[in-house]
Each structure stands twice: as structure tokens, then as C-alpha cells.
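**Q** Return atomic coordinates for the entry below.
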Amino acid sequence: MRVLVKGAGVAGLTVAFELATRGAAVTVAETRHGLGGNASWFAGGMLAPWCERESAEQPVLDLGRDAADWWEAATPGQVTRAGTLVVAAPRDAGELDRFASRTSGHRRVDEDEIALLEPDLAGRFRRGLLFSDEAHLDPRQAMAALHDRLAAMGVEFHFCADAPAVSGFGRQIDCTGMSAVDGRLRGVRGEMLILRTPDVSLSRPVRLLHPRFPLYMVPRTDHRFMIGATMIESQSTGPVTARSMMELLGAAYALHPAFGEADIIETGVGIRPAFPDNLPRVEACGSTVAINGLYRHGFLLAPAMARQAADLVFNHDGTKELAHETVGQRRSA
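**A** As a prediction, the model looks like this:
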């Protein structure tokens, strides 16, 4: 079976892998010059389904709990399994209790254990939550590794070009995100910073709770830290705003004063597609399957949605069109 995947973001790459693994001949078409520039490029890369449950529905946990295993199998060596540490300033202790009441899969840690987990945070926080089964990856490195593996498997990539003629493909997978023609989608703007400082080391993502400016910080290589992210109901692709910059930097400084002297080496904005309920969908109609609405959970939920899309393709005779069907929330219920 020949399948055309439109879009080389995290949804397109993951479904291409699922399809190729099952024996499909896959072509990926991307209108951009390369892997960069889409919402996936500016993601945090946190594989944190238990933390995300604090503000997300149960399907996010159900669909995302196996994401770290999927990424480790598809891109060996890219996943760091060190958990997630959630902390709050003493004056915001109520935020920590609220977060704990809305999540599972964690245990409480005191000041001494926080110092053992993250020595550079010693003495800064009295209490925290450790989600030990969570993981993280560098989205850009993971996407590059997945692209290379797909190419080695025989997947064809067409960058900076319109999609090849569709007549030669038995199925199409639409993973074009906000470019898709779907009036139900809205854009949610996420802004992020990358800082570099040799004066702080972190082993895992750290979430700093704050009633107005919650922050997550994800360690990268070479003393770099990704800080994010805002959630603004807007499809504007303009630069990071001064307000967001001040909020993110202020929260980073609250986590550790050394970030006040860090170099700002990159700012970025990603527009994340979301349906009204903020849950993703895999929808089939005719010969096309669409994956969309990953919202802020791209790397976490893309593997599960890719499996569902591949199931739809392979569970139907190649000579028949796919009946209209939606999966996602239904299968995770």
C-alpha cells in the first residue's frame, strides 16, 4: 500500500513510522524547507501525562502514558527518564496542594530530597512533588533522529514542494495542523525562551507553580534550558511579546537567581491547533485520515494518535474508501 503523509511535524513523522513499520510504502510531503519552523519545533518535549492531568482531561493521561516507551523504541537514546519535579515558593504552597489533588503518580518530597534530586535548587524550596515515571526529550533532536530512521527505512521526503500527485496513493494522512481546512480548529499561541548559563544544572524538567505565571523549565545540552510556555488564545505568529518575556524571565529568576545572568539565545512562537475540547482527533473520510488537535500535547499524544490512524488504514481493504469515523476520546474512554 502506498500512503502519502502531508506534514512533517511530530504527527506526520510518528504516523509515517507506524505505517512504514507495518509495511506501507510511505511518502512525506512538507511545504517548509525542512523539519524546523512548525509548532513541534518549539515544543518542550515533556512526556509528562500525570502532570498534564492537572489541567487536561483523562484521555490525555490514558493516551500519553506509553509515549516514553514509543519514543525510546523509535529513537533510541533520545529519551531521558528522570521524572518531573514540581515545586512552589512557600507563599504558593496552596498551589502545590491543589496540583497534587488534581494529579496522580507522584510522591511528596521535602527540602532535603529536593536538594538530592537537584543540588542547584538546594535551600530554595521546602516542598515538592516528584512524578518519577515521567520523561523528556529534545524535540529537535528527536525529530531529526526519527527523520533519519524513516529515511533508512525507505520513506521518501519531499521538502519545500507541493505534495506529489495523489493519484498514485491508496491513502492520504493529513497532518497539516493549522493549515488544515477545518473550521472547528483554533490556534493557541505558545511562546518560549531558550537560555544558556553554566551556573545552573538540572537533571529533569522542573515546574514552578505560581497562581499567575506557572513555568516549566526543561534542560537541554550545552547548559541550555527551554522555558515555556504561554497559552494565549491567538493565531498571531508575531515575535514574543514584552509581557510574555518579562513573565517567563521573572519566573525563571524565581526558580534560581542565576538565570538573571543567563544568555537569551533564542525566542520562539508556535501556534498549536486545538479543537474546542482540547482533545485530539483521528478522523477518516473517503481515502483520507486526518490527525489534528494535538494542542499542547504533541510529543505526548502523537504516538497514540499515529497508532490509531495506522489502525484505520490497515483495518480497511485497500480498494475501499474509509467510512467517516472519529477516534481519540472514544477509544481512550
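**Q** contacts, neighbours, all on C-alpha from now
**A** Fine.
**Q** per-residue pLDDT, G34?
**A** Model confidence at G34, given as pLDDT, is 88.
**Q** ignore the last one, H210
**A** 85.
**Q** what residues are up against it?
**A** 88, 92, 95 (Cα atoms under 8 Å, 6 or more residues apart in numbering).
**Q** Over to R186?
**A** 178, 233, 235, 273-276.
**Q** Recalculate using a threshold of 6 Å.
**A** By Cα atoms under 6 Å, 6 or more residues apart in numbering, R186 lies in contact with 273-274.
**Q** again with the one 4 residues further on
**A** G190 makes contact with 229-231, 269-270, according to Cα under 6 Å, 6+ apart.
**Q** Filter those down to the buried ones.
**A** 229-230, 269-270 (16 or more other Cα atoms under 10 Å).
**Q** The helix or strand containing Q141: what's the following helix or strand?
**A** Assigned by DSSP states H and E, Q141 belongs to helix 139-152. For helix 139-152, the following helix or strand on the C-terminal side (DSSP H and E) is strand 156-159.
**Q** can you list the residues that contact that next one?
**A** 27-34.
**Q** Put the alpha carbons of the helix or strand just after it into PDB.
**A** Heading C-terminal from strand 156-159, the first helix or strand you meet, by DSSP H and E, is strand 171-174. Extracted in PDB, the C-alpha atoms of strand 171-174 (Å, rounded to 0.1, in the frame of the first residue of the first chain):
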ATOM      1  CA  ARG A 171      -4.400   6.600   1.300                       C
ATOM      2  CA  GLN A 172      -3.600  10.100   2.500                       C
ATOM      3  CA  ILE A 173      -2.800  11.200   6.000                       C
ATOM      4  CA  ASP A 174      -3.400  14.900   6.700                       C
END
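**Q** which one in the buried ones among the contacts of G190 is the model shakiest on?
**A** A229 (73).
**Q** From H106, how far off is that residue?
**A** 22 Å (Cα to Cα, to the nearest Å).
**Q** can you pull out the helices in the stretch 51-200 of the chain?
**A** Per DSSP state H, counting those that start in this stretch, the stretch 51-200 of the chain carries helices over the ranges 58-64, 67-74, 93-101, 111-117, 139-152.
**Q** Can you tell me the SS state at A251?
**A** Taken by DSSP: H, G, I helix; E, B strand; the rest coil, the conformation at A251 corresponds to helix.
**Q** list the contacts for it?
**A** Listed by Cα under 6 Å, 6+ apart, A251 has no contact partners.
**Q** Next one: G37, what pLDDT does it get?
**A** 79.
**Q** contacting residues for it?
**A** G37 touches nothing, counting by Cα under 6 Å, 6+ apart.
**Q** begin at 18 from here
**A** Will do, 18 is the new start, and the previous item becomes G54.
**Q** That one and R119, how far apart?
**A** Remark: distance between G54 and R119 (Cα to Cα) = 34 Å.
**Q** Likewise for A279?
**A** With Cα to Cα as the criterion, A279 and R119 are 34 Å apart.
**Q** For those two, indicate the residue with more neighbours.
**A** Ranked by neighbour count (other Cα atoms under 10 Å), A279 and R119 place A279 first, with 20 against 14.
**Q** distance of that one from G207?
**A** Distance from A279 to G207, counting by Cα to Cα: 21 Å.
**Q** coming back round to it: next, format the helices of the stretch 68-217 of the chain as CSV and append mean pLDDT.
**A** CSV is the format used below for these (pLDDT from 0 to 100):
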stretch, mean pLDDT
helix 75-81, 97
helix 84-91, 98
helix 110-118, 96
helix 128-134, 98
helix 156-169, 97
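**Q** where do the strands sit along the stretch 18-167 of the chain?
**A** 19-23, 42-47, 63-64, 101-105, 124-127, 144-148, 152-153 (DSSP state E, counting those that start in this stretch).
**Q** Which of those has the highest mean neighbour count?
**A** strand 63-64 (a mean of 30; mean count of other Cα atoms under 10 Å).
**Q** Might you list the low-confidence residue ranges for the stretch 168-317 of the chain?
**A** Scanning the stretch 168-317 of the chain for pLDDT under 70 picks out 178-184.
**Q** Swap in 50 and give it another go.
**A** Across the stretch 168-317 of the chain, nothing is flagged by pLDDT under 50.
**Q** and the longest helix seen in the chain, what does it pack onto?
**A** The longest helix of the chain (DSSP state H) is helix 315-331. Where contact means 3 or more Cα pairs under 6 Å, 6 or more residues apart in numbering; DSSP states H and E, helix 315-331 is packed against helix 27-38, helix 75-81.
**Q** Which of the residues in the first one are classified as buried?
**A** Along helix 27-38, the positions that meet the burial threshold by neighbour count (16+ other Cα under 10 Å) are 27-37.
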